[in-house]
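Participant: need a structure here:
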Amino acid sequence: MSDAQTGIGWDEARAVNLANWEARVPLHVAAYGLDAMRDDPSHLSQVVRTDLAALGPFLADGVAGLDVCHLQCHIGTDTLSLARAGARVTGVDFSPSALAAAADLAEELGLAATWVQTDVLDAAAAVRGDFDLVYTSIGTITWLADLDRWAAQVHALLRPGALFYLRDGHPALYALDESADGLVTGYRYFPNGEPLEWVEESTYVGDGVVSSPRTLEYPHSLAEVMTALLAAGLAIEAFDEGDTLPWRVSPLMEELQNGDFAYPAPLRERIPTTFTVVARRPG
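Facilitator: Have a look, this model is predicted:
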């Protein structure tokens with residue numbers, strides 16, 4: 001990984017990342033455990049189970065009967081889990097291969113969903129209608145250079161009074177050297193407009209090799225995230241930090257019974273691994 005000043009613009013970063021995510025699709029279709037969804041009509045992804053619990057205080061009936069827009073939906077397992085929980089879902093992603101896989105899975109499971117291929121930074125112009133809930137989880141905003149533009153899309157997609165939900169990897173976690181024997185910072189926490197460059201042939205699940213291994217990711221501090229949402233006109237209703245994660249960032253992490261990962265004690269008490277924001281469009 002390189003933390004040097006790359007001088008790489010958004011168009012190049014987007015193209016590099018799209019090639020990487022396109023290459024991940026067949027690996028993730030094989031490794032995401034889709035048979036659990038096929039075999040059990042009530043099965044929901046662990047990500048969505050966690051998120052529905054966090055949304056419980058704000059949605060008395062869960063997502064049942066709600067129009068939900070899932071930004072950066074990838075191959076649709078979380079989107080379709082929301083559909084199984086009773087939502088009318090629209091999934092948005094920039095990867096055509098991911099959306100094709102999502103549409104195939106929806107058809108196989110007999111679930112209704114709308115899929116929209118677009119950059120999340122252009123979502124408001126590409127997606128029809130507005131929503132009771134805009135949902136984003138997890139491992140998402142590091143792929144975006146401009147959080148002000150992102151937050152403006154979220155605001156535009158929400159109906160007055162509707163909710164935005166974000167759970168993502170904690171920027172303090174992303175600043176750690178994942179190969180260190182302990183909690184040692186190795187990367188930039190604060191944003192400066194430049195992406196960090198990674199070259200990794202593996203992906204976060206499965207054993208295959210990614211044919212386009214280069215990625216460019218943008219650090220975003222908590223202050224930047226919150227400021228972007230507030231500047232877009234959203235009202236923050238809740239903020240939380242967690243100590244588990246749906247993927248193994250460091251070899252020090254242990255797998256939990258539910259499939260999530262966490263640092264062992266006492267490290268688990270020393271570093272947050274996720275943050276969650278619930279915000280509302282006033283009106």
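
Participant: Could you check what's spatially nearest to residue 208, not counting adjacent residues?
Facilitator: residue 27 (4.1 Å; Cβ to Cβ, 6 or more residues apart in numbering). Every C-beta, even on glycine, is put in place using the N, C-alpha and C of the backbone.

Participant: Name the helix or strand for that neighbour, please.
Facilitator: Under the criterion of DSSP states H and E, residue 27 resides in helix 10-31.

Participant: Same question for the helix or strand following that helix: list its buried residues.
Facilitator: Per DSSP H and E, helix 10-31 leads on to helix 34-39 as the next helix or strand towards the C-terminus. The neighbour-count check on helix 34-39 (16 or more other Cβ atoms under 10 Å) flags 34, 37 as buried.

Participant: what's helix 34-39 packed up against?
Facilitator: Counting contacts by 3 or more Cβ pairs under 8 Å, 6 or more residues apart in numbering; DSSP states H and E, helix 34-39 packs against helix 77-84, helix 96-109.

Participant: Looking at these, spot the one closest to residue 175.
Facilitator: Of all those, helix 77-84 sits nearest to residue 175, with 25.8 Å by Cβ to Cβ.

Participant: hmm, who's touching that closest one?
Facilitator: Contacts made with helix 77-84 from outside it, assessed by Cβ atoms under 8 Å, 6 or more residues apart in numbering, are listed as 32, 34, 37, 41-45, 47-49, 63, 68, 70, 73, 89, 91, 102, 105-106, 109, 111-113, 135, 137.

Participant: and what of stretch 17-25?
Facilitator: Applying Cβ under 8 Å, 6+ apart, the external contacts of stretch 17-25 come out as 74-75, 94-98, 101, 143, 203, 210-216.

Participant: Mind giving me the ChimeraX command for buried ones among the residues you listed?
Facilitator: Here is the ChimeraX command that picks out the buried ones among these, judged by 16+ other Cβ under 10 Å:
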select :74,75,94,95,97,98,101,143,203,210,215,216
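
Participant: Return the subset of the contacts of stretch 17-25 lying in helices.
Facilitator: The members of the contacts of stretch 17-25 that map onto helices under DSSP state H are 96, 97, 98, 101.

Participant: So what touches the helix or strand where residue 164 lies?
Facilitator: In this assignment (DSSP H and E), residue 164 forms part of strand 158-169. Residues outside strand 158-169 that contact it (Cβ under 8 Å, 6+ apart) are 50-51, 54-55, 58-59, 130-142, 154, 225, 229, 234, 237, 242, 245, 249, 273-283.

Participant: In it, which of the residues would be classed as buried?
Facilitator: 158, 162, 163, 164, 165, 166, 167, 168, 169.

Participant: Give me the sheet partners of it and which way each runs.
Facilitator: strand 131-137 (parallel), strand 274-280 (antiparallel) (DSSP bridges).

Participant: Check the average confidence over the helix or strand that that strand is followed by, would you?
Facilitator: Following strand 158-169 in sequence order, the next helix or strand is helix 171-174 (DSSP H and E). Here helix 171-174 scores 97 as its mean pLDDT.

Participant: Thanks a lot, catch you later.
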